[in-house]
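Enquirer: can't give you the sequence, but here's the structure:
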């Protein structure tokens, strides 16, 4: 009988500990990552992050936009670097159609020194970025999106004043070699949104480097 009492007592203590950990994580970032990671059809919340020009930028600043191509990218990942020209072209092609690129560097510069804010400014100038390149200071934005790689793309569509997630994944089907691209996932998704039809392929696998935490 004593053994049974000890068993139930240990179970109760274990469950209490687990719930306490989850409750604590919910006030920090552990549970929030699970709860807030966007899925197709979710409403995306606005954010305000520092751009390489020193100004704070939010999605609300783009009053005429019909949506956004939000891309989590960075200076150091070879896959991100291989996609930089494609990101530039996406902005050139779709900014005037109401879907500008918003690039966000989610990496922790204490872990990845090449992704410091100062070096972001250098890279943006070298490549001639004509879109915001924002620093996710404190890494507060990428967990809400559920981004795990660089690059990782989220296409948002403005619907009744809300921003709805309509595509998540890769830019195209050849992350490392632009010359081998056969299917342009992001372009197809944005073109379908412009036409007012459902996105036929709403999610693909993001391929790149893990975000440095």
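Expert: Ah, there it is. Please read these numbers as outputs of a predicted model, since none were measured by experiment.
Enquirer: Following the chain onward from the helix or strand bottoming out on mean pLDDT in the chain, which element is next?
Expert: Sorting the helices and strands of the chain by mean pLDDT, DSSP states H and E puts helix 30-36 at the bottom, at a mean of 39. Going down the chain from helix 30-36, the next helix or strand is strand 43-44, by DSSP states H and E.
Enquirer: avg pLDDT for whatever helix or strand comes next after that following strand?
Expert: Heading C-terminal from strand 43-44, the first helix or strand you meet, by DSSP H and E, is strand 48-51. Strand 48-51 carries an average pLDDT of 98.
Enquirer: Give me the residues contacting strand 48-51.
Expert: Strand 48-51 has contacts (CB atoms under 8 Å, 6 or more residues apart in numbering) with 56, 57, 58, 104, 117, 132, 133, 134, 135, 136, 137, 141. All C-beta atoms are positioned from the backbone trio N, CA, C, and that covers glycine.
Enquirer: need the strands for this protein, in chain order.
Expert: In the chain, the segments counted as strands under DSSP state E are 43-44, 48-51, 56-58, 67-72, 101-105, 133-135, 149-150, 152-159, 162-169, 209-210.
Enquirer: In terms of secondary structure, what does the fourth one contact?
Expert: Spelled out, that is strand 67-72. Applying 3 or more CB pairs under 8 Å, 6 or more residues apart in numbering; DSSP states H and E, we find strand 67-72 packed against helix 78-94, strand 101-105, helix 142-145, strand 152-159, strand 162-169, helix 185-195.
Enquirer: And for the fifth one?
Expert: With contacts defined as 3+ CB pairs under 8 Å, 6+ apart, strand 101-105 has these neighbours: strand 67-72, helix 78-94, strand 133-135.
Enquirer: With distance to residue 182 and mean pLDDT added, can I get those in a markdown table?
Expert: A markdown table is the format used below for those (distance: least, CB to CB, whole Å; pLDDT from 0 to 100):
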| stretch | distance to residue 182 | mean pLDDT |
| --- | --- | --- |
| strand 67-72 | 20 | 98 |
| helix 78-94 | 14 | 98 |
| strand 133-135 | 28 | 98 |
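Enquirer: Nearest to residue 199 among those would be which one?
Expert: For the helices and strands packed on strand 101-105, the distance to residue 199 is smallest for strand 67-72, at 11.3 Å, taking CB to CB.
Enquirer: Next, the angle helix 185-195 makes with the closest one.
Expert: Relative orientation of strand 67-72 and helix 185-195, computed by axes from the mean of the first three to the mean of the last three CA atoms, to 10 degrees: 160 degrees.
Enquirer: Neighbouring strands - and their directions - for strand 67-72?
Expert: Applying DSSP bridges, strand 67-72 is found paired with strand 101-105 (parallel), strand 152-159 (antiparallel).
Enquirer: Which positions within the last one qualify as buried?
Expert: Within strand 152-159, the residues that qualify as buried are 152, 153, 154, 155, 156, 157, 158, counting by 16 or more other CB atoms under 10 Å.
Enquirer: Repeat that for stretch 41-61.
Expert: 42, 44, 47, 49, 50, 51, 52, 57, 59.
Enquirer: need the strands of the chain in JSON lines with distance to residue 37, can you?
Expert: Compiled in JSON lines, the strands of the chain are given as follows (distance: least, CB to CB, whole Å):
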{"stretch": "strand 43-44", "distance to residue 37": "11"}
{"stretch": "strand 48-51", "distance to residue 37": "18"}
{"stretch": "strand 56-58", "distance to residue 37": "20"}
{"stretch": "strand 67-72", "distance to residue 37": "13"}
{"stretch": "strand 101-105", "distance to residue 37": "15"}
{"stretch": "strand 133-135", "distance to residue 37": "19"}
{"stretch": "strand 149-150", "distance to residue 37": "13"}
{"stretch": "strand 152-159", "distance to residue 37": "11"}
{"stretch": "strand 162-169", "distance to residue 37": "10"}
{"stretch": "strand 209-210", "distance to residue 37": "15"}
